[in-house]
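**Q** This is the structure alone, sequence omitted:
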């Protein structure tokens, strides 16, 4: 068992890091203040082949999720906002289109994303259907050459800026009737609510489908949707885990540098045993998270990630990152708590990933069902549908 990256992977890491330092470092952490989406990063990443890496040729780079996450890790450590662009351009809804779309759909929807021109968002959550994804009520029906959609979505990240949405819908009353449709901004009957913000500063908004009409050619799947959609969602979860690891690494690096130079009582902080133990624990947590994540990513090189390995990695990365970021703030004292320093932003950014893509409580239920070899009560319907 080889725990070392090969030379090709290390070269990819260096290339991504150098690109981030050259192109994104100057604007890092600025997008939270402006509320803008880093569209410039989209173009730069596209020009360097880092958008659509996971999309199969000829529509994308035909690389693995492992390679995309190596890039995202390095970019995110320098500029978290640009790291989000790597996620959008390689994971989540773009993978749904690549895996389930027809050649005509791929040609129509993927080119703009891979080329750094369009933003795609996933629309799954509803006011009454969050973790209980199988309770979604947004309905779709065929009407001639169109599909008519009626319902409401919420918590769709980057929705105010997005050009395309992969919308989870119900084509009938049963869970097996769930599917997905690509809806373009501007479609008749489709409107966006007021722009709102998460703690991290990222924007979202409610989406309203009032007999919205889209071409039936936009349907990706119209039956047995969860059985094919949710396994693809594991890719999204690995992206979530990677950004947690990256931001925790950035916080750790800041803490190490600060404790080397900051002096109290006539000596550097790094000479105090209490500080040394905190930093040592942070390092162990980072390495443990990296091993869990890299195992899941490495085993996913040839296909869809393992649900069990992905669940373990996301759960640990989510909680590890919060602990490391919190300790980094503590080691910086008042400077860490100040909004003039990036650490408080890193903590706010990390905090949301314990909710998005499957809460840590749902992930524990999933693991418990594997441990006991039976469906836990909270996950029974989800497991039957393939949703966890």
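**A** Thanks, I have the structure now. Since the structure is predicted, the reported quantities are computational estimates derived from the model, not experimental observations.

**Q** is it true that residue 205 touches residue 157?
**A** No: Residue 205 lies out of contact with residue 157 (CB atoms under 8 Å); the separation is 9.9 Å. Yep, even glycine has a C-beta here, placed from its N, CA and C like the rest.

**Q** count of neighbours near residue 19?
**A** 20 (other CB atoms under 10 Å).

**Q** for it, what are its contacts?
**A** Shown in contact with residue 19 (CB atoms under 8 Å, 6 or more residues apart in numbering): 44, 48, 50, 75.

**Q** Narrow those to those that are buried.
**A** Restricting the contacts of residue 19 to buried positions leaves 44, 50, 75, with burial counted as 16 or more other CB atoms under 10 Å.

**Q** I'd like to know how many residues surround the residue nearest to the second one when sequence neighbours are not counted.
**A** Closest residue in space to residue 50, ignoring its immediate chain neighbours: residue 71 at 5.4 Å, by CB to CB, 6 or more residues apart in numbering. The burial metric for residue 71, expressed as a neighbour count using other CB under 10 Å, is 27.

**Q** does residue 71 sit in a helix, a strand or a coil?
**A** What DSSP: H, G, I helix; E, B strand; the rest coil gives for residue 71 is helix.

**Q** doesn't residue 9 make contact with it?
**A** No: here residue 71 lies out of contact with residue 9, judged by CB under 8 Å, at a distance of 10.3 Å.

**Q** re earlier: narrow the buried ones among the contacts of residue 19 to those in strands?
**A** Using DSSP state E, no member of these sits in strands.

**Q** Turn those into TSV, including pLDDT and distance to residue 172.
**A** Output for the buried ones among the contacts of residue 19, formatted as TSV (pLDDT from 0 to 100; distance: CB to CB, whole Å):
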residue	pLDDT	distance to residue 172
44	98	44
50	98	40
75	98	42
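
**Q** Is residue 175 in contact with residue 226, as I believe?
**A** Yes: in this structure residue 175 lies within contact range of residue 226 using CB under 8 Å: 6.6 Å.

**Q** More neighbours: which of the two?
**A** Neighbours per residue, other CB under 10 Å: of residue 175 and residue 226, the larger number sits with residue 226, 25 against 21.

**Q** Could you measure from the more buried one over to residue 370?
**A** Using CB to CB, to the nearest Å, residue 226 is found at 19 Å from residue 370.

**Q** Identify the residues contacting residue 206.
**A** The contact partners of residue 206, by CB under 8 Å, 6+ apart, come to 152-154, 192-194.

**Q** Closest one to residue 353 out of those, please.
**A** Nearest to residue 353, judged by CB to CB, of the contacts of residue 206 is residue 154 at 17.8 Å.

**Q** what secondary structure does the closest one sit in?
**A** Using three-state DSSP, the structure places residue 154 in strand.
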